[in-house]
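Asks: Pasting the sequence and the predicted model now:
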Amino acid sequence: MEFACCAKNDNEEKELEKAHEFLKVLADKNRLKILCILRKGPKCVCEIFPIVGISQKLASHHLGQMKKLGLLEEEREGNFIRYGRNEKAIGRYAKILKKIIN
């Protein structure tokens, strides 16, 4: 599918909306840092917030926003939730952006 300057059909409009939501989430430097940290494997919020240099509450908020978009997956370990990257979802969003940019 090729994109014109404006979406011509419902499918293109949906793809543009997905790209927009993805870019909004990535527009925050702390969220980008979190995605980078998670390249090394799943971590709990208690491991993430000190590395990023933000409060635990703010880190939880950022993780929630990324999870809501499907960029992260959760796995429970006892009382802890470990967050990992959803590489399939990240790849889908990257593919949409590539279509728009090229």
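Replies: All right, it came through fine. Residues are numbered from 1 along each chain as shown.

Asks: which residue ranges form the strands in the chain?
Replies: 43-44, 72-77, 80-85 (DSSP state E).

Asks: Turn those strands into JSON lines, including distance to residue 99.
Replies: Every C-beta, even on glycine, is put in place using the N, C-alpha and C of the backbone. Putting the strands of the chain into JSON lines (distance: least, CB to CB, whole Å) gives the following:
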{"stretch": "strand 43-44", "distance to residue 99": "32"}
{"stretch": "strand 72-77", "distance to residue 99": "23"}
{"stretch": "strand 80-85", "distance to residue 99": "22"}
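
Asks: closest one to residue 95 among those?
Replies: strand 80-85 (15.8 Å; CB to CB).

Asks: got the contact list for the closest one?
Replies: Residues outside strand 80-85 that contact it (CB atoms under 8 Å, 6 or more residues apart in numbering): 35, 38-39, 41-46, 48, 63, 67, 71-76.

Asks: again, 7 Å this time
Replies: 35, 38-39, 41-44, 63, 71-75 (CB atoms under 7 Å, 6 or more residues apart in numbering).

Asks: Tabulate the strands of the chain in TSV, adding columns for mean pLDDT and mean neighbour count.
Replies: Output for the strands of the chain, formatted as TSV (pLDDT from 0 to 100; neighbours: other CB atoms under 10 Å):
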stretch	mean pLDDT	mean neighbour count
strand 43-44	98	18
strand 72-77	95	13
strand 80-85	97	17
